[in-house]
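Engineer: Give me a 3D structure for the following:
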Amino acid sequence: MWREIDIIVNSAATTNFDERYDIALAVNTFGAKHVAEFALKCANIKMLLHISTAYVCGNMTGIIGEKAFNMGETPNGSRELDVNEEKLLVEELVNELQEKSASQEEINIALKNLGLQRARLHGWPNTYTLTKAMGEMMMQHHLKQNIPLAVMRPTIITSTYREPFAGWTEGFPFRTVDSIAIRYGRGRLKNFLGNPNTILDTLPADMVVNAMIVAIAVHANQPNSNKIYQVGSSKKHPVTYSDLHDVLWSYFKDSPWIGENGEPVKVHKLKIIGSMASFNKHLRLYILLSKVLKIASSMFGGCFQGLHADVDKKLNATVRLAELYEPYVFFKGVFDDTNTETLRATTSDNGANLDNIFYFDPRCIDWEDYFKRTHFPGVVNAFKRK
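Structural biologist: The predicted model follows:
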């Protein structure tokens, strides 16, 4: 195997925002280290392509450059990040919980909370982005300079634009744009947290794959050619949450979801809640309802216990989702794609005109047409097939 492999693409990851910290570290961080160490043993290695995420930028704002992390660097510069120390913290917590005979659920919750706490301490919004950033650091640190390395940072990946066919998607449960679309179309979402002017940085999956293929061709057998590529649309062809909101309403108005009763679900335009303060104010009524049901249940022999548990569960889930998605729905950054633009240019160099085959320029997308005629139909069909 070490004699035969010449190109390595590392796209393995757990993408749950609040993954257990031990799992996220093992896959996203130390997994990258193991891939780098494996590459060093390959006799005929030509290059390594590591897939990261644009959101390793953490809480940065403004124009976000295609810049590599130094080992231990953090977005907020609060203190140096030690990857091995993070692993030790996990091990200590697990040992402590096991000594207390904690249940599996208690261990899961504690490890999820630890990941979020460590991420926010250093300026990342969640466990996923923290561990992916540390994965980049490990990849850069453990790979020899003479092995070409390209790190690709896609933004939010959506269904395909053209290949293998328009609207192809897989993976469940849906997240971000798709989870919002499904809940809204089924009549289960009336309000949504976010700034209408926030840029939704997204790119279809086949365009991301095309960028990967071109990067492999450009970097193979080119020592000291290491580059970071941010692959998205916010700089060249942005779309806002307000744009998405309008298209979403238009799509489900014209192509309504058919409910369990066989009747079309009528949708109204989402009410956008523009700040966490307004969101918390909006929840006060539901928090009060939960408290009333709890009191009523204790007064009437537990007859409201099931209803209280259901309301409390939905309330807690809503708050947690809002906390997880807040950094994205109020994101104030634009991803520079200078290196990616240079990569695009190679597809038309020397008269080859390969840009129609390996297309990944977001400026060719009509966002309204894409979301209404390609992406949302694809997501709805994928959900119904699950």
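
Engineer: In contact with Tyr370, which residues?
Structural biologist: Taking Cβ atoms under 8 Å, 6 or more residues apart in numbering as the definition of contact, the neighbours of Tyr370 are Tyr161, Pro204. Where C-beta positions appear, they are placed from N, C-alpha and C, glycine not excepted.

Engineer: Could you give the average pLDDT over the helix or strand it falls within?
Structural biologist: Element membership of Tyr370 [criterion: DSSP states H and E] is helix 367-370. When the per-residue pLDDT values of helix 367-370 are averaged, the result is 97.

Engineer: so where's the chain uncertain?
Structural biologist: The chain contains residues with pLDDT under 70 at 171-175, 350-352.

Engineer: ok, which stretches of it are helices?
Structural biologist: With DSSP state H applied, the chain shows helices at 21-24, 30-41, 83-99, 104-122, 127-142, 176-185, 205-219, 241-254, 276-299, 305-329, 338-345, 367-370, 376-385, listed in chain order.

Engineer: out of those helices, nearest to Ala166?
Structural biologist: Distance to Ala166, taken as Cβ to Cβ, is lowest for helix 376-385 among the helices of the chain, at 7.5 Å.

Engineer: Between helix 241-254 and that closest one, find me the angle.
Structural biologist: Comparing the axes of helix 376-385 and helix 241-254 via axes from the mean of the first three to the mean of the last three Cα atoms, to 10 degrees yields an angle of 60 degrees.

Engineer: which other helices and strands contact helix 376-385?
Structural biologist: Where contact means 3 or more Cβ pairs under 8 Å, 6 or more residues apart in numbering; DSSP states H and E, helix 376-385 is packed against helix 176-185, helix 241-254.

Engineer: How many neighbouring residues does Phe17 have?
Structural biologist: Neighbouring residues of Phe17 were enumerated by other Cβ atoms under 10 Å; the total is 24.

Engineer: quick one, what contacts it?
Structural biologist: Phe17 sits next to Pro125, Asn126, Thr127, Tyr128, Leu324 when contact means Cβ under 8 Å, 6+ apart.

Engineer: okay if I get those as CSV plus distance to Asp369 and neighbour count?
Structural biologist: Output for the contacts of Phe17, formatted as CSV (distance: Cβ to Cβ, whole Å; neighbours: other Cβ atoms under 10 Å):
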residue, distance to Asp369, neighbour count
Pro125, 31, 23
Asn126, 32, 23
Thr127, 36, 30
Tyr128, 31, 24
Leu324, 30, 18
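
Engineer: Correct me if wrong: Tyr184 contacts Phe252.
Structural biologist: Yes - counting by Cβ atoms under 8 Å, a contact exists between Tyr184 and Phe252, whose distance comes to 6.7 Å.

Engineer: how about the nearest residue to Ala119, chain neighbours excluded?
Structural biologist: Using Cβ to Cβ, 6 or more residues apart in numbering and skipping the chain neighbours, the partner closest in space to Ala119 is Leu130 (3.9 Å).

Engineer: Give me the neighbour count for the one you found.
Structural biologist: Burial of Leu130 is recorded as 30 neighbouring residues (other Cβ under 10 Å).

Engineer: which residues sit in contact with it?
Structural biologist: By Cβ under 8 Å, 6+ apart, Leu130 lies in contact with Ala24, Gly58, Gly115, Arg118, Ala119, His122, Trp124.

Engineer: do the same with Phe69
Structural biologist: If a contact means Cβ under 8 Å, 6+ apart, then Phe69 has Val56, Ala133, Glu136, Met137, Gln140 as its contacts.

Engineer: Save those residues as a markdown table, and put in distance to Asn224 and neighbour count too.
Structural biologist: As requested, these are exported to a markdown table (distance: Cβ to Cβ, whole Å; neighbours: other Cβ under 10 Å):
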| residue | distance to Asn224 | neighbour count |
| --- | --- | --- |
| Val56 | 23 | 25 |
| Ala133 | 23 | 27 |
| Glu136 | 18 | 24 |
| Met137 | 19 | 21 |
| Gln140 | 13 | 20 |
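
Engineer: Closest one to Leu89 out of the contacts of Phe17, please.
Structural biologist: Comparing every one of those with Leu89 (Cβ to Cβ), the shortest separation belongs to Thr127, at 12.8 Å.
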